[in-house]
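Colleague: generate a structure from the sequence data that follows.
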Amino acid sequence: MNDQNLTPQTDTKVQVTASPLRCFTGAVISGGMGFAVYSLMIAIATNFATKPIHSINPLVVKISSAVRTLVVGVVALGSGIFSIVAIGLLALGVQLLIQQLTKEKSSENS
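Modeller: Residues are numbered from 1 along each chain as shown. Presented below is the predicted three-dimensional model:
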């Protein structure tokens, strides 16, 4: 095989530093997604509650109940993850902001 047409891969690694603005922007995005997934979870749970299972077979009732619980649980887990990430990014942004303010004050005093 001829390797003339292949482009060489560069191994440049760019390190992006965290800034308070990036953290707060990420927290807003993650919080918005968490709220959207939470609203979806409420809609799914309400939909399941308004439509009961119509079956006489106990196995069908147990399996469908388990599936409904799993669906609501997975969506709740996603909502929780997004919310925890938003809280963590918000805390990191506050920490970086405090570090920047204390650096400026210590450099003024020197």
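Colleague: quick one: classify the residue most central in space within the chain as helix, strand or coil.
Modeller: The residue lying closest to the centre of the chain (C-alpha atoms, centre = their mean) is residue 82, at 2.9 Å. Secondary structure, DSSP: H, G, I helix; E, B strand; the rest coil: residue 82 is helix.
Colleague: that one contacts residue 30, correct?
Modeller: Yes - using C-beta atoms under 8 Å, residue 82 makes contact with residue 30 at a distance of 5.2 Å. Any C-beta I mention is one placed from the backbone N, CA and C, and that applies to glycine too.
Colleague: about what we covered before: which residue is the nearest non-sequential neighbour of the residue nearest to the centre of the chain?
Modeller: Distances taken as C-beta to C-beta, 6 or more residues apart in numbering place residue 34 nearest to residue 82, at 3.3 Å, with adjacent residues excluded.
Colleague: could you find the closest non-adjacent residue to residue 93?
Modeller: Nearest non-adjacent residue to residue 93, counting by C-beta to C-beta, 6+ apart: residue 23, 3.2 Å away.
Colleague: now swap in residue 83 and tell me
Modeller: Closest residue to residue 83 apart from its sequence neighbours, by C-beta to C-beta, 6+ apart: residue 34 at 4.1 Å.
Colleague: that neighbour: how many residues sit nearby?
Modeller: Residue 34 is flanked by 20 other residues according to other C-beta atoms under 10 Å.
Colleague: got a pLDDT number for it?
Modeller: The model reports residue 34 with a pLDDT of 96.
Colleague: thank you, goodbye.
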